[in-house]
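Chemist: One predicted model, sequence on top.
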Amino acid sequence: MSQIKSKKRVSELAEVYTNEREVEAMLDLVKLDSYNIDKTFLEPSCGNGNFIIAIIHRKLSTITDDKEFNLIKVISSVYGIDICENNVQETKQRVYDFLSEFMDISNISKQIWHILNQNIILGDTINKPENITIVEYSFENHSICENLHNFKNLLEHTNNIFDVKNTNYINYRVFPNRQTS
């Protein structure tokens, strides 16, 4: 794969793709975390999703049971932001296609697209971080709680105390093997 799509895109967007070899070497620097389905990753200039795909691949390799639920947890913990709408759409589609190859996702397709549309987004992380909303997920039984955070606030608060804008509960009753309490 070429590291650039065009010289124009390099000039206008500073777009240069990272080869798989470098992606894997960089993820090896945080090796244990990159396999942990509970660890969160943010790619602030995700391009077409090379890092996102690699992170998801590593996390999915650890799943042995309750695959639908854990797949949802995995994609809920990976975020991508890019300044180019085409890159955002390409990343979402690549992730969806990758998940489809991993397992049958027909029962959770709607939920996957919901999360991808919230986690892989258009935005300018350098010049306009205040215009970006990040969705944080927590899981309870068959529901996912979504907490909305302003990206600029996340950058400014190093002590992990966030200004929560809103909380939504989404009932995903798609995990037939899980019991509600």
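Modeler: Arrived safely.
Chemist: Find me the pLDDT at residue 133, would you?
Modeler: For residue 133, the pLDDT comes out at 95.
Chemist: Check the burial of the nearest residue to it once chain neighbours are set aside by counting its neighbours.
Modeler: Excluding its sequence neighbours, the residue lying closest to residue 133 (C-beta to C-beta, 6 or more residues apart in numbering) is residue 148, at 5.4 Å. Any C-beta I mention is one placed from the backbone N, CA and C, and that applies to glycine too. A count of neighbours around residue 148, defined by other C-beta atoms under 10 Å, yields 16.
Chemist: just checking, what packs against the helix or strand hosting residue 25?
Modeler: Assigned by DSSP states H and E, residue 25 belongs to helix 20-28. Packing partners of helix 20-28 (3 or more C-beta pairs under 8 Å, 6 or more residues apart in numbering; DSSP states H and E): helix 50-60.
Chemist: In this structure, where is pLDDT below threshold?
Modeler: Counting by pLDDT under 70, the chain contains low-confidence residues at 1-17, 142, 158-181.
Chemist: what about the longest helix in it?
Modeler: helix 85-102 (DSSP state H).
Chemist: Output that helix as CSV, restricted to C-alpha atoms.
Modeler: Extracted in CSV, the C-alpha atoms of helix 85-102 (Å, rounded to 0.1, in the frame of the first residue of the first chain):
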residue,chain,number,x,y,z
GLU,A,85,-14.8,13.2,5.3
ASN,A,86,-13.7,10.6,2.7
ASN,A,87,-11.2,9.1,5.2
VAL,A,88,-13.9,8.9,7.9
GLN,A,89,-16.3,7.0,5.6
GLU,A,90,-13.5,4.7,4.3
THR,A,91,-12.4,3.9,7.9
LYS,A,92,-16.0,3.1,9.0
GLN,A,93,-16.5,0.8,6.0
ARG,A,94,-13.1,-0.9,6.5
VAL,A,95,-13.9,-1.6,10.1
TYR,A,96,-17.3,-2.9,9.3
ASP,A,97,-15.9,-5.2,6.6
PHE,A,98,-13.1,-6.4,8.9
LEU,A,99,-15.7,-7.3,11.6
SER,A,100,-17.8,-9.1,9.0
GLU,A,101,-14.8,-11.3,8.2
PHE,A,102,-14.2,-11.9,11.9
